[in-house]
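# model this:
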Amino acid sequence: MNTLKNDLSRTTTVINELGIHARPAARIAAIASAARSDVRLRKNGEQADATSIIDILSLACFKGTVVTLEISHPEDMPVLNKIIDLFERGFEE
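Residues are numbered from 1 along each chain as shown. Prediction:
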């Protein structure tokens, strides 16, 4: 489901029925806040600061939306992997 775009980004698909609403956005932001560098969420040329719930919600990611998560530094790979894992589990909803 997720693909390696380069060493610092991954592309995945929103699989949960409700898409990214407030609760998943808060979980993404909490994980992203642990990063030492920028974490971005991209959709169709738009981008959001993954530490901001409002930014994440502004992307309007419904079920089936393809998104790319990007980090700015390799040391944040564990953060990227945790967020991808959250997507793959459908935000546990």
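# so where do the strands sit in this protein?
3-6, 9-13, 39-43, 46-49, 66-71 (DSSP state E).
# okay, those in CSV with mean neighbour count next?
Heads up, the C-betas are built off the backbone N, CA and C, glycines and all. Below are the strands of the chain laid out as CSV (neighbours: other C-beta atoms under 10 Å):
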stretch, mean neighbour count
strand 3-6, 10
strand 9-13, 17
strand 39-43, 20
strand 46-49, 16
strand 66-71, 20
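# quick one, which of the ones you listed is nearest to Arg89?
strand 9-13 (11.2 Å; C-beta to C-beta).
# what angle sits between that closest one and strand 39-43?
With axes from the mean of the first three to the mean of the last three C-alpha atoms, to 10 degrees as the basis, strand 9-13 and strand 39-43 are set at 50 degrees to each other.
# quick one: strands adjacent to strand 9-13?
strand 3-6 (antiparallel), strand 66-71 (antiparallel) (DSSP bridges).
# just checking, Gln47 touches Leu41?
Yes - Gln47 lies in contact with Leu41 (C-beta atoms under 8 Å); the separation is 6.8 Å.
# who are the contact partners of Asp55?
Leu41, Ala48, Asp49 (C-beta atoms under 8 Å, 6 or more residues apart in numbering).
# ok, it to Pro74 distance?
23 Å (C-beta to C-beta, to the nearest Å).
# neighbours around Asn81, how many?
Using other C-beta atoms under 10 Å, Asn81 has 15 neighbouring residues.
# rewinding a little: let's have the strands of the chain in CSV, adding mean pLDDT and distance to Ala25.
Below are the strands of the chain laid out as CSV (pLDDT from 0 to 100; distance: least, C-beta to C-beta, whole Å):
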stretch, mean pLDDT, distance to Ala25
strand 3-6, 49, 22
strand 9-13, 95, 15
strand 39-43, 97, 9
strand 46-49, 96, 9
strand 66-71, 96, 12
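# let's have the ones you listed in JSON lines, adding distance to Ile83.
As requested, these are exported to JSON lines (distance: least, C-beta to C-beta, whole Å):
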{"stretch": "strand 3-6", "distance to Ile83": "14"}
{"stretch": "strand 9-13", "distance to Ile83": "8"}
{"stretch": "strand 39-43", "distance to Ile83": "7"}
{"stretch": "strand 46-49", "distance to Ile83": "12"}
{"stretch": "strand 66-71", "distance to Ile83": "6"}
